[in-house]
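Student: Prediction below, plus the sequence it came from.
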Amino acid sequence: MTKQPATNQDERRNAILQAAFTQFGQVGYSKATMKEIAAKAGVAQGLIGYHFNTKETLLVEVVREWMINRGMQQALQQLDMKAEPAELLQQALLHVVEFRKNNPEWFTLLISLWTESVNNEKLAQELIKLYQEMKAGIRIIIERLELPLNEAEQETFAALIQAVFDGLTLQSPLLLSSAPLSHNQVSQGIGWMLQGIRSAHTTEPTKENN
């Protein structure tokens, strides 16, 4: 059997990821079939098994592709890391908001992974890894803000920022809202958290002296 060139393999793998992203996002993980994904990708069904082994693995890799590679990594590449902290934060928030608006299937994928991981320890561990990678990217921005937070507190703040995005997206489903995620809402919510952090830091010496 002739081995396929690496570029062809990469193209077909990417075609499968794109097809799975669309199919999972439009009909949901449980209803999507490998046969339908293969047809949409224009490849033989067996090729999906070759690249991803199982449907579960395919789901994880699709979420990773859009959450980490196309979401976080693209954001970090596009951000002006030399900008003032406040401007950098706004750039990051706007990027995430626009990304989720332009990729409406994305959140359906994440919901699918959450749902499937409830009774699947392997998927639950993969979900934890994905969020750890996402929080690591968020912490790069947090460190530029020069907040009075230690490492553990930065981790907590990163988790809260992620929760703001996920929570507001969940409250504004695409089918029921013309604006599935509002930059103003996100910016205001995270702004309140920043104010609380700075306020708590400035009042701590007073408390210690009383």
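Tutor: Here it is on my side, so go on. Numbering: from 1, shown residues only.

Student: Find the centremost residue of the protein, please.
Tutor: Met67 (3.4 Å; CA atoms, centre = their mean).

Student: ok, that residue touching Leu110?
Tutor: Yes - with contact defined as CB atoms under 8 Å, Met67 reaches Leu110; the gap is 7.4 Å. For the C-beta atoms, the positions are set from N, CA and C on the backbone; glycine is no exception.

Student: Against Pro148, how distant is the residue nearest to the centre of the chain?
Tutor: Counting by CB to CB, to the nearest Å, the separation of Met67 from Pro148 is 29 Å.

Student: Report all helices and strands that the helix ranked longest in the chain contacts.
Tutor: As assigned by DSSP state H, the longest helix anywhere in the chain is helix 183-209. Here helix 183-209 touches helix 85-102, helix 151-171, going by 3 or more CB pairs under 8 Å, 6 or more residues apart in numbering; DSSP states H and E.

Student: right, so of those, which gets closest to Ala15?
Tutor: helix 85-102 (19.8 Å; CB to CB).

Student: How far does the closest one sit from its chain's centre?
Tutor: Here helix 85-102 shows a centroid-to-chain-centroid distance of 13 Å under the convention CA atoms, centre = their mean, to the nearest Å.

Student: As PDB, could you dump the C-alpha coordinates of that helix?
Tutor: What follows is helix 85-102, C-alpha atoms only, in PDB (Å, rounded to 0.1, in the frame of the first residue of the first chain):
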ATOM      1  CA  PRO A  85      -2.900  46.500  30.300                       C
ATOM      2  CA  ALA A  86      -6.400  48.000  30.000                       C
ATOM      3  CA  GLU A  87      -6.200  48.000  26.200                       C
ATOM      4  CA  LEU A  88      -4.800  44.500  26.000                       C
ATOM      5  CA  LEU A  89      -7.600  43.200  28.200                       C
ATOM      6  CA  GLN A  90     -10.200  44.800  25.900                       C
ATOM      7  CA  GLN A  91      -8.500  43.300  22.800                       C
ATOM      8  CA  ALA A  92      -8.600  39.900  24.400                       C
ATOM      9  CA  LEU A  93     -12.300  40.200  25.500                       C
ATOM     10  CA  LEU A  94     -13.300  41.400  22.000                       C
ATOM     11  CA  HIS A  95     -11.500  38.600  20.300                       C
ATOM     12  CA  VAL A  96     -13.300  36.000  22.400                       C
ATOM     13  CA  VAL A  97     -16.700  37.600  21.900                       C
ATOM     14  CA  GLU A  98     -16.200  37.900  18.100                       C
ATOM     15  CA  PHE A  99     -14.900  34.300  17.900                       C
ATOM     16  CA  ARG A 100     -18.000  32.900  19.600                       C
ATOM     17  CA  LYS A 101     -20.300  34.900  17.400                       C
ATOM     18  CA  ASN A 102     -18.500  33.800  14.200                       C
END
